[in-house]
Each structure stands twice: as structure tokens, then as C-alpha cells.
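In: sharing a sequence plus its predicted fold:
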Amino acid sequence: MKAKQLSELMYSPCWVGSLLSYFISGAQKNNKQGIKLELIYLVIPLLNIPELKSKLSKANVKTTIETLLSENRIKTSIIGINATIPNFKVYSNNGLIALSNSNSIYVSDMACMKKAVHYKDESNAGLKSFYKAAYNLGVVLSKEEPSDVFIQIGFK
């Protein structure tokens, strides 16, 4: 199997759309209007970092971006993330399209779920950890201005 085919399987539109639904739902916990659209493009690259995904899956709603990035190993793992974000943009776009085809999202300059989802409803432990990480990432990023988020993660 070629690398491109493997990537298409790993980041299928339905899977990415599902992660985005949890991310947006988490953001709506703090802001009923949802989250700025540009932050959608950070979900897949950030959840692709094992240390960060692990920390997010154990986080709670009080977690901030500062506490999330407080460990040196996480700081070093996000170095160069600005180079990877464009690589994941097509997968994020396809996930947004899949999500909008299910008619469960409003998109303008903000992304908002028509009906929020919650990771606690998932019975599969493997999926639940991804969904919780995405949900908590939404909670964390919704507390910040997008420009501050990009500065915090070292985006240039």
C-alpha cells in the first residue's frame, strides 16, 4: 500500500468529520456560537502528536493552553507544526464537507454544531479517547483568540 493510500485511510472524511464534530462541540461548551473556522485546521495536526493527544484525553474543562503546553516534551513535539498544518488541510476540508453533508453543522466564519455531541456517549474505549481529546481541544482553544493560539503553538 502506498503512503498516499494509507493517509487517505487514516484520515478518511468520515473519521475526520467525526473528530471535528467533537472538537466543535467542546468549543461550544464555552461559546455557544462555536469556534473560529481557522482553528479547525489545527485539530488533525495536534491530535496527531501522541503526547498531546494523551494529555488531552486526560484533561478536563479547566485546562488552558498554557497548562496544556507546560511540559517540555509537548513543547518540543509541536516544534515545526506550522510546516505540517498545510499537509492536513485537505483532510480537514474533506472532514468539514462530510460533516456538512450530514447536515449537522453551520459554517461561516465560525463552525457550530446543530446538536452537540459528547464523548461520554461513546462505548468503544479506543474511539472514546480520541473523541475526548478532540472535545477537550475544542474546550481549550475556544478560551483563546485564534491569533493567541497560533502564537502559543509557535506558528509563524
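Out: Okay, I see it.
In: grab the most central residue of the chain for me.
Out: For the chain, the residue nearest the mean C-alpha position is V43 (2.6 Å; Cα atoms, centre = their mean).
In: who's in contact with that residue?
Out: 19-20, 23, 92, 134, 137 (Cβ atoms under 8 Å, 6 or more residues apart in numbering). (C-beta placed from N, C-alpha, C; glycine too.)
In: so for it, what's the pLDDT?
Out: Looking at V43, its pLDDT is 96.
In: compare the contacts of V43 and tell me which is most surrounded.
Out: Most neighbours among those, by other Cβ atoms under 10 Å: F23, with 32 neighbours.
In: so which strand or helix has that residue?
Out: Assigned by DSSP states H and E, F23 falls within helix 13-30.
In: contacts for that helix?
Out: Helix 13-30 has contacts (Cβ under 8 Å, 6+ apart) with 34-35, 39-40, 43-44, 47, 61, 91-92, 94-99, 102, 104-105, 111-113, 116-119, 130-132, 134-139, 141-143.
In: what is the mean pLDDT for that helix?
Out: pLDDT averaged over helix 13-30 gives 95.
In: pull out the buried positions in that helix.
Out: Of all the residues in helix 13-30, those buried under the rule 16 or more other Cβ atoms under 10 Å are 13, 15-28, 30.
In: how about stretch 116-134?
Out: 116-117, 119, 122, 129-134.
In: want to throw the residues you listed into JSON lines with secondary structure, distance to F155 and pLDDT?
Out: Converted to JSON lines, the buried residues of stretch 116-134 look like this (DSSP: H, G, I helix; E, B strand; the rest coil; distance: Cβ to Cβ, whole Å; pLDDT from 0 to 100):
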{"residue": "A116", "secondary structure": "coil", "distance to F155": "28", "pLDDT": "90"}
{"residue": "V117", "secondary structure": "coil", "distance to F155": "28", "pLDDT": "92"}
{"residue": "Y119", "secondary structure": "helix", "distance to F155": "27", "pLDDT": "91"}
{"residue": "E122", "secondary structure": "coil", "distance to F155": "31", "pLDDT": "90"}
{"residue": "S129", "secondary structure": "helix", "distance to F155": "26", "pLDDT": "94"}
{"residue": "F130", "secondary structure": "helix", "distance to F155": "23", "pLDDT": "95"}
{"residue": "Y131", "secondary structure": "helix", "distance to F155": "25", "pLDDT": "96"}
{"residue": "K132", "secondary structure": "helix", "distance to F155": "25", "pLDDT": "96"}
{"residue": "A133", "secondary structure": "helix", "distance to F155": "20", "pLDDT": "96"}
{"residue": "A134", "secondary structure": "helix", "distance to F155": "20", "pLDDT": "97"}
